[in-house]
Every structure is written in C-alpha cells, then in structure tokens.
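S.K.: sequence unavailable; structure follows:
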C-alpha cells in the first residue's frame, strides 16, 4: 500500500464530527508525529480529494478554517463491521447508556446505530436471538444528568489529555458566585451521571481535589505543564475518597450484623478484599471490613434500615443510635 494512501487513511481518522473541526496545520502536525511528512499544500490537496469521496466538509465561515465530518455522516470504518462486532457494540450500548452523560454517549451513538443495522440484517441468526435475550440493568438509581457546558467539558478533557494547566472560574458547593482558580488537572472520573476533575490547586499543592464539572463557569487553557505531586496514584486517590464526601482520608475497621436475606449479595460481591463474614444464628451475618470514612458508605448502611446493627466503630454506632432516636420522634 502506498504512503499516500496510508497518509490519507490516517487523515480521515484525525477529522472530528461537526461542529468540532481540525485545521490543516493540526492535521499536518499530527501526521508528522505519526511519521508522515507532508506540506500544508499537500495536506490541503489530499483533503479536497477526500471530500469528493467521503462526507467531510471545510468550514470557512470564521478563522481558523477547519475540516469536519458532516453532522449526520456515518463515519469511517475499515474493515466493515461483522455480526460479532455488531453484537458487542449493541451490548456495550446497553451497558454504557445508563452510565454515561447523554452528551458523551451521543458522541459514539453512530457506532451503535451502525451495529443495529448489521443486526437487523441478521434477524434470523442465533446472534440476533441471543442479543434479545441478554439485557443490562443498572444497579443504581438513574438521576438526571447535570447541565455541563459542552465547550467547557472539551477544554477540561483536552487539559487532562495534554497535561497542561488551566485557569478556571469554579463555584463551590452552595455558593452563587464563582472564584478564579489556577488548577493542575490530573484526571477525569465518571461516577454515574457525574463527571469529576481530579486536580491540584496553586493554593494547596499537597492535597488533590475532585470537582464536579457542572460547577465550572469558565475555563482557559494555559501552556504550562501540569505539576503532578510526587507519587500521585489516581486509583489510590479514588479508593481513599470513594468520590463521595470524605470525613477523612483514613480507613477504619467496620463491623455490623446484617439480616442474611437482605445482605446475601455481600457473600457474592464483597465490599472489598478485606471483608470477612461469619454466619450466625437467626439468619444473621456478621461482616467485618476496612472501609473509607465517607458519607456515601454511611448512606449505603442507612439503606438497610432495621436490617443492620452497627457494632464498630463506636463513633459510627453512636451516630446510628442518634439517627434512630430522631426518626422515632418524627414518626410517633
């Protein structure tokens, strides 16, 4: 296969879907990084030729000019999607749709639509029958997605991808006015309908923060590289904070007696690797584990109501005793 064809195939993969666009210079730089050297004039000529065959367009309404796949274009894929791949995409769509914010899901929706077309043509096959018999059900409640400005989201993603700092106006929880902050993006975490930016701030270069994207009101990309704290591990950060409201960064030993019927799933899906279970009489389970000191864990425990008795730590047991007294007074 000639270098020209390989270069043009790579070019097609660099072009985003409208309204996003990529400039000729961007395409040239990306190709150079991949080992394809070509002048701007050559790149422009290639794009013009490709636009006669593929649904790509040049946006020259405002500077900088750029290239995009048409909004409703089916995209570019080679080789063609076979039935097994189509089934995989179809199942992935069922799994991802409840987890991803709608704006992000729509970015890959065309792949799922293409998979459906392949499967429609295979209605009498075992693949299509199996697909109808496999469903994905979300374990958690599905909340309405928070409103996040798409342009701001893209800038934050780009900052994480490129490892560059940002200047942002961020509104703290409960506040009506946003403050200007200088941030060092370290990662993005998706949790249900929420997107969080994991970052450092100039005023606190020691403790990483996690910030919901819907509270960002303005983002400016900077050229300076992110200063990542020594030894930072995003997996460890997520584990310690559990991306919920943390009372502290500590783990503590939790111990409680559960109704076996209500907590049976913990025998098959443990809290974590430290969990230990002792079967007791009267259909009770004594469960011990090291857990994060977070509001989310306490709310999970509260969902068991009278089917759990917290034994340790004493501080948590006392909190549940106080909660029980308050509820009793409310419902008398």
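M.R.: Here it is on my side, so go on. None of these values were measured; they are calculated from a predicted model.
S.K.: remind me, longest helix of the chain?
M.R.: When the chain is parsed with DSSP state H, its longest helix is helix 314-331.
S.K.: can you pull out the helices in this structure?
M.R.: Assigned by DSSP H, the chain shows helices spanning 3-14, 24-33, 40-51, 83-96, 102-107, 109-120, 126-132, 150-162, 234-241, 260-263, 265-268, 295-302, 314-331.
S.K.: contacts for the third one?
M.R.: Spelled out, that is helix 40-51. By C-beta atoms under 8 Å, 6 or more residues apart in numbering, the list of residues contacting helix 40-51 from outside reads 4, 7-8, 11-12, 24-25, 27-28, 31, 38, 56-58, 67. C-beta here means a position set from N, CA and C on the backbone, and glycine is covered the same way.
S.K.: try 7 Å this time
M.R.: Residues external to helix 40-51 that are found in contact with it (C-beta atoms under 7 Å, 6 or more residues apart in numbering): 8, 11-12, 24-25, 27-28, 56-57, 67.
S.K.: which ones are touching residue 152?
M.R.: Contact analysis of residue 152 by C-beta under 7 Å, 6+ apart lists 216, 219.
S.K.: burial count for the nearest residue to residue 276 once chain neighbours are set aside?
M.R.: Closest residue in space to residue 276, ignoring its immediate chain neighbours: residue 288 at 4.7 Å, by C-beta to C-beta, 6 or more residues apart in numbering. Residue 288 has 17 neighbours, counted by other C-beta atoms under 10 Å.
S.K.: isn't residue 288 up against residue 255?
M.R.: Yes. Using C-beta atoms under 7 Å, residue 288 is in contact with residue 255, at 4.8 Å.
S.K.: and residue 20, what does it touch?
M.R.: Contacts for residue 20 (C-beta under 7 Å, 6+ apart) come out as residue 68.
S.K.: now it: how far from residue 205?
M.R.: 33 Å (C-beta to C-beta, to the nearest Å).
S.K.: try residue 191
M.R.: 25 Å.
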